[in-house]
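[1] predicted model and sequence below, questions to follow.
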Amino acid sequence: ETGVTQTPRHLVMGMTNKKSLKCEQHLGHNAMYWYKQSAKKPLELMFVYNFKEQTENNSVPSRFSPECPNSSHLFLHLHTLQPEDSALYLCASTEGTGYHEQYFGPGTRLTVT
Amino acid sequence: SQQGEEDPQALSIQEGENATMNCSYKTSINNLQWYRQNSGRGLVHLILIRSNEREKHSGRLRVTLDTSKKSSSLLITASRAADTASYFCATDQSQGNEKLTFGTGTRLTIIP
């Protein structure tokens, strides 16, 4: 394993539900990322946090709300999602932003019904 | 359009053969990375090559970078069934905000 864990691994939710995805890294890294991976599309960067501060919001709809309470934990709060939001959501971490290899978690497979 | 594009989209070869995947990009970069992803799992970093490097090796992997053509290739020698996965290149733009941009990947299948 890479030292990055994600829970839950699978999530099915209705469009009116509120749920949260959790990511934890045990690597002592300072930067954490949320990505969305949909079938036959490139990996889409959603958010970047560096030292708990959000440094990137890639025009993500407000129904996705990130939270980074410390450098080891990252959450993605979900509410009133759409079926097109169904995807694999990946968390990653790096020592710092940009120049370093990224360590990915196993992902959360999200299905919105 | 996206920064990195892999070619081919899918590749099937016999076990023991070599597999070559290509990546093209559009803007100047600081470095280029290759990642592997097993089905439904997270990505695993394979190798990083800097813009001033032309070739790099790691075990059975060989990566080349041609900045004049804005392209890179990943060669896996003596392929094994366990190499079956999707392979992605990722670039960071030298004049950008240092975030990585991934391509759509090459789906590699090794036939035992």
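    Thanks, I have it.
[2] going forward, measure contacts between C-alpha atoms and count neighbours the same way
    Fine.
[3] low pLDDT regions in the chain?
    All of this is about chain A. A:1, A:97-99 (pLDDT under 70).
[4] not quite, go with chain B.
    B:1-3, B:94-98.
[5] enumerate the residues of it near chain A.
    Taking CA under 8 Å from any CA of the partner chain, the part of chain B that reaches chain A is made up of B:2, B:30-31, B:33, B:40-45, B:48, B:92, B:97-105.
[6] where's residue B:101 relative to residue A:74, distance?
    Noted for residue B:101: a distance of 21 Å to residue A:74, by CA to CA, to the nearest Å.
[7] more neighbours: the two, which one.
    Neighbours per residue, other CA atoms under 10 Å in any protein chain shown: of residue B:101 and residue A:74, the larger number sits with residue A:74, 25 against 20.
[8] secondary structure element holding the more buried one?
    Assessed by DSSP states H and E, residue A:74 sits inside strand A:73-79.
[9] that strand pairs with which strands?
    With DSSP bridges as the test, strand A:73-79 is paired with strand A:18-25 (antiparallel), strand A:64-70 (antiparallel).
[10] between the ones you listed, which gets nearest to residue A:100?
    For these, proximity to residue A:100 was assessed by CA to CA; strand A:18-25 is nearest, at 15.5 Å.
[11] list the buried residues for the closest one?
    Residues of strand A:18-25 classed as buried by neighbour count (16 or more other CA atoms under 10 Å in any protein chain shown): A:20-25.
[12] return the closest of those with respect to chain B.
    Checking the buried residues of strand A:18-25 against chain B by CA to the nearest CA gives residue A:23 as the nearest, at 12.5 Å.
[13] could you give the number of residues near residue A:61?
    Applying other CA under 10 Å, we find 10 residues neighbouring residue A:61.
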